[in-house]
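**Q** coords below, sequence missing:
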């Protein structure tokens, strides 16, 4: 499976313990008829953490924008 543009192979992470990967594989396996490997589960965990990282960044950006008085009624101070 190909990565995202600009994503380096070095980013292949070992931040998840083997125990967590195995548990995740078992959970994901229940939801598919395809045989999943631990590497499949590791990639799924990477995708899930990336997804929630983006949601968190959007939430922080929105909260920052809401607190910015120059963004009154969604209008930018740019002209």
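**A** That came through fine. Everything numeric here is computed off the predicted structure, so don't read it as measured data.
**Q** and the gap between residue 54 and residue 62?
**A** Counting by CB to CB, to the nearest Å, the gap from residue 54 to residue 62 is 12 Å. For glycine as for every other residue, the C-beta is placed from the backbone atoms N, C-alpha and C.
**Q** does residue 42 really touch residue 16, like I thought?
**A** Yes: contact criterion CB atoms under 8 Å: residue 42 and residue 16 qualify, at 6.0 Å.
**Q** Can you check which residues contact both of these two?
**A** Shared contacts of residue 42 and residue 16, defined by CB atoms under 8 Å, 6 or more residues apart in numbering, are found at residue 24.
**Q** the more surrounded of those two?
**A** A count of neighbours by other CB atoms under 10 Å puts residue 42 above the other of residue 42 and residue 16, at 20 against 17.
**Q** give me the element the more buried one is part of.
**A** helix 38-67 (DSSP states H and E).
**Q** Residue 25 too?
**A** Using DSSP H and E, residue 25 maps to helix 18-29.
**Q** tell me which strands and helices that helix is in contact with?
**A** Contacts defined by 3 or more CB pairs under 8 Å, 6 or more residues apart in numbering; DSSP states H and E place helix 18-29 against helix 38-67.
**Q** angle of the helix it packs on against helix 18-29?
**A** Angle, helix 38-67 to helix 18-29, by axes from the mean of the first three to the mean of the last three CA atoms, to 10 degrees: 90 degrees.
**Q** Which neighbouring elements make contact with helix 38-67?
**A** Using 3+ CB pairs under 8 Å, 6+ apart: helix 38-67 touches helix 18-29.
**Q** Just the buried positions in the helix holding residue 42, please.
**A** Of all the residues in helix 38-67, those buried under the rule 16 or more other CB atoms under 10 Å are 40-46.
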